[in-house]
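Asks: Below: sequence and its predicted model.
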Amino acid sequence: MVSVIIVSAGRKNFLKDCLDSVLIQSSLPSEIIVIDNSARPGFAAEISAAYPAVKVYTGQENLFYCQALNKGIASSKGEFLLCLNDDVILDKEFIIQALKGFFLDPAVGMCSGKIMRRQKGIIDSTGLFLTLWLSAGERGYGLTDCGQFQKPGYIFGVNGAVAFYRRKMLDDIREGEDYFDPDFHIFYEDLDIAWRAKRLGWRGYYLPDALAFHLRGGTVRREEGIGKPYARRFLNETLHLDLIRNRYSTIIKNESFPGFCLHLPAIVLYDLIQWCYLLVSRPKIAKLFFLNLGFISTAFKKRRKTHFYRRERKIPQITQKVKNT
């Protein structure tokens, strides 16, 4: 029923800790797939030897995160797909608790648990939302957990570090052979998936009893930046460039013209602050951005080809009061 897909960059013991938490689940997945994104000779063999039940896929070249996830999804068989960063540890009841969301309503295509930081009592995410300036926001991000997010309910989307999807939804929003947009590499892929799904009538659901623990930035930031606020300070130039342009691509692909106009004042303010920071602190990234504007035309082409111009369909809904799970 459940396929777990983990993309690993091979840093530290992240993957070992993640796999150990998956293998002690009260409801074991039907398969566990690891995409070796480490470019480390022998890494895949080490994992296969230590975890013989795990399917490990490696290639001649290092895949970007979205490409690796697409490869994992295409090779999986489960009806539900749990996509994990390797810097995540699951509570032993995570899968069984998170699965409940899919059976509450056939329109639920993605489920989120309560994702906590490794630091005691700090929330990492209780669901993804769309901010006024059309960026990805994390509900509860950085707050102390005082029980304020103990009520289950519908959300916009799920955080990409611990993303639980219904296969039927992913098949529905697939663009050609791709589920995640391969041009994104990494960052904003979770918001893009959620937004595309929402336009076709799919919904996200939050279940507070499904607990996971995330080392924020463990796979992409420099050592000194792990768990720190204002993440972009600790990203290299390539990753920072992805962070900026993927937001624009997500907006182009998914936002309607009236919606864009409605949010324009907030967008202008956000971008003014962002570009002032870049021009003062990291001018090389600003230069790289303006030398690589081809992503804009690519995003518009994808907008025309995808669901934005499809007639929206209604997925059967269940109207009921959902009790605390």
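Replies: Arrived safely. Numbers count the residues shown, from 1 in each chain.
Asks: At which residues are the strands of the stretch 151-300 of the chain located?
Replies: 153-155, 162-166, 203-214 (DSSP state E, counting those that start in this stretch).
Asks: Of those, which is nearest Asp145?
Replies: strand 203-214 (9.8 Å; C-beta to C-beta). Placement of C-beta: from N, CA and C, glycine included.
Asks: tell me the angle of the closest one relative to strand 162-166?
Replies: Put simply, strand 203-214 runs at 150 degrees to strand 162-166, going by axes from the mean of the first three to the mean of the last three C-alpha atoms, to 10 degrees.
Asks: Can you list the strands that strand 203-214 pairs with?
Replies: In the sheet, strand 203-214 lines up against strand 88-90 (antiparallel), strand 108-117 (parallel), strand 153-155 (antiparallel) (DSSP bridges).
Asks: Let me know the average pLDDT across the last one.
Replies: Put plainly, it is strand 153-155. Per-residue pLDDT values over strand 153-155 give a mean of 98.
Asks: Residue ranges in the stretch 151-300 of the chain under the pLDDT threshold?
Replies: 218-232 (pLDDT under 70).
Asks: try 50 this time
Replies: For the stretch 151-300 of the chain, the stretches with pLDDT under 50 are 225.
Asks: Just the strands from the stretch 1-150 of the chain, written as ranges.
Replies: Under DSSP E, counting those that start in this stretch, the stretch 1-150 of the chain gives strands at 2-8, 31-36, 55-58, 80-85, 88-90, 108-117, 123-125, 128-130, 136-138.
Asks: Can I get those in TSV including mean pLDDT, mean neighbour count and distance to Arg166?
Replies: Putting the strands of the stretch 1-150 of the chain into TSV (pLDDT from 0 to 100; neighbours: other C-beta atoms under 10 Å; distance: least, C-beta to C-beta, whole Å) gives the following:
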stretch	mean pLDDT	mean neighbour count	distance to Arg166
strand 2-8	97	25	11
strand 31-36	96	23	16
strand 55-58	93	18	21
strand 80-85	97	26	6
strand 88-90	97	24	19
strand 108-117	97	25	5
strand 123-125	96	25	19
strand 128-130	96	21	16
strand 136-138	95	19	21
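Asks: For these, give me TSV that also has distance to Pro182.
Replies: Formatted as TSV, those follow (distance: least, C-beta to C-beta, whole Å):
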stretch	distance to Pro182
strand 2-8	13
strand 31-36	14
strand 55-58	16
strand 80-85	15
strand 88-90	22
strand 108-117	20
strand 123-125	24
strand 128-130	20
strand 136-138	19
